[in-house]
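A.B. asks: for reference, the sequence and a predicted model appear below.
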Amino acid sequence: MQVTETLAEGLKREIKVVVPAKDMEQRMNERLAEVKDKVRINGFRPGKVPVAHVKKMYGKSIMAELVNEIIRDKPSAILSERGEKSATQPEIVMTEDEKEAEKILSAQADLEFTLSYEIIPAIELKSVDGIKVTREVVDVSDEEINEQIEKIAESARTFETKKGKAAEGDRVTMDYLGKVDGEAFDGGKDEDAELVIGSNRFIPGFEDQLVGVKAGDEKVITVTFPADYPAANLAGKEATFDITVKEVASPAKTEINDELATKLGVESVEKLKEIVRGQIESQYGNVTRQKVKRQILDQLDALYKFESPSKLVDAEFENI
């Protein structure tokens, strides 16, 4: 087997590997000798099949196995012998011509392939004594904790029926029927549907037109489906909704107490505040850790200068 370096430019390496046809044939004959006594062929007693006949029947398939084994195992062996580490999976190129491949499998031509890769550059470790970082500490205030609890409490918020007109934040209970070009469409009908104005759960413009309605009102709302709406038959089209308002309810005032804590599955308001404080501190901790990491990386970047394998950079770019 001949291993020849054909390119050594910066981090790039290219190796040409040639396995002579006679070596491939010898390996094939050795493999044939191993399987000769195991094959079962009609007309021959076990272990009495002539090698020439076994070669005729199985020679090419065994040769194909040998080629695959060499392509699979030799690159890592070559790198190990050269004392190199490839930054990414080495690229292997061999003939794609059917006639040439046929000659290789028939042991009439040498097996040739090229191995292309980029090595990981040698990096000399330097002292980190000069690296300094600042870890910020955040004091979580009671106001911030209460504000976060109020946001969480929205999931357990109760509503009280009101007689007046619906305003931002109110919940409207209604029946509706959606139409496009005067025809009702699938999924455009519901009864006793509840919608909080300002939640942005419905099509843009729908909730805005509910402001001012009251129980018993009937109204036609006109909206346009977004161009990128998932249902292709509705995307970009104008639609009307026949609305019958059944109830308007305003949100009850949220009080941070044991009752609220119980609704949220916690035994007391103090325990709830403790949990929320921990969550906020954890969020700040993630941010400050990232800032510390950036400080370290910036200083390491100034400390180390070396060529980066282009394929490794490209792979990282694609991941990002």
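C.D. replies: That came through fine. Residues are numbered from 1 along each chain as shown.

A.B. asks: residue 68: how many residues sit nearby?
C.D. replies: 10 (other CB atoms under 10 Å). C-beta here means a position set from N, CA and C on the backbone, and glycine is covered the same way.

A.B. asks: for it, helix, strand, or coil?
C.D. replies: Look at residue 68: counting by DSSP: H, G, I helix; E, B strand; the rest coil, its state is helix.

A.B. asks: next up, the contacts around it.
C.D. replies: Counting by CB atoms under 8 Å, 6 or more residues apart in numbering, residue 68 makes contact with nothing.

A.B. asks: what's the helix or strand for residue 184?
C.D. replies: Element membership for residue 184 (DSSP states H and E) is strand 183-196.

A.B. asks: where does the stretch 51-200 of the chain have low pLDDT?
C.D. replies: 51-54 (pLDDT under 70).

A.B. asks: show me where it has its strands.
C.D. replies: 91-94, 111-118, 159-161, 171-180, 183-196 (DSSP state E, counting those that start in this stretch).

A.B. asks: nearest to residue 266, of these?
C.D. replies: strand 159-161 (22.4 Å; CB to CB).

A.B. asks: each with direction, which strands does that closest one pair with?
C.D. replies: Strand partners for strand 159-161, identified by DSSP bridges, are recorded as strand 238-251 (antiparallel).

A.B. asks: what's next to the following helix or strand past the partner strand, contact-wise?
C.D. replies: Beyond strand 238-251 on the C-terminal side, the first helix or strand identified by DSSP H and E is helix 258-263. Here helix 258-263 makes contact (CB under 8 Å, 6+ apart) with 149, 153, 156, 254, 267-269, 271-272.

A.B. asks: of those, which is the most crowded?
C.D. replies: residue 272 (23 neighbours).

A.B. asks: that residue against residue 266, yeah?
C.D. replies: Yes: in this structure residue 272 lies within contact range of residue 266 using CB atoms under 8 Å: 4.5 Å.

A.B. asks: which strands and helices lie in contact with the helix or strand containing residue 316?
C.D. replies: For residue 316, the host element (DSSP H and E) is helix 310-319. Counting contacts by 3 or more CB pairs under 8 Å, 6 or more residues apart in numbering; DSSP states H and E, helix 310-319 is packed against strand 111-118.

A.B. asks: report the inter-axis angle for the strand it packs on versus helix 310-319.
C.D. replies: Interaxial angle, strand 111-118 versus helix 310-319 (axes from the mean of the first three to the mean of the last three CA atoms, to 10 degrees): 70 degrees.

A.B. asks: run the chain-centre distance for strand 111-118.
C.D. replies: Mean C-alpha position of strand 111-118 versus that of the full chain (CA atoms, centre = their mean, to the nearest Å) differs by 31 Å.

A.B. asks: note down every partner strand of that strand and its orientation.
C.D. replies: Strand 111-118 has the following sheet partners, assigned by DSSP bridges: strand 12-19 (antiparallel), strand 91-94 (antiparallel).

A.B. asks: tell me the buried residues in the shortest one?
C.D. replies: I take that to be strand 91-94. If you call a residue buried by 16 or more other CB atoms under 10 Å, then strand 91-94 has these buried ones: residue 92.

A.B. asks: for that strand, C-alpha coordinates in PDB please.
C.D. replies: Only the C-alpha atoms of strand 91-94 are listed here, as PDB (Å, rounded to 0.1, in the frame of the first residue of the first chain):
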ATOM      1  CA  GLU A  91     -13.500  13.500   2.800                       C
ATOM      2  CA  ILE A  92     -12.800  10.400   0.800                       C
ATOM      3  CA  VAL A  93     -12.900  10.500  -3.000                       C
ATOM      4  CA  MET A  94     -12.500   7.500  -5.300                       C
END
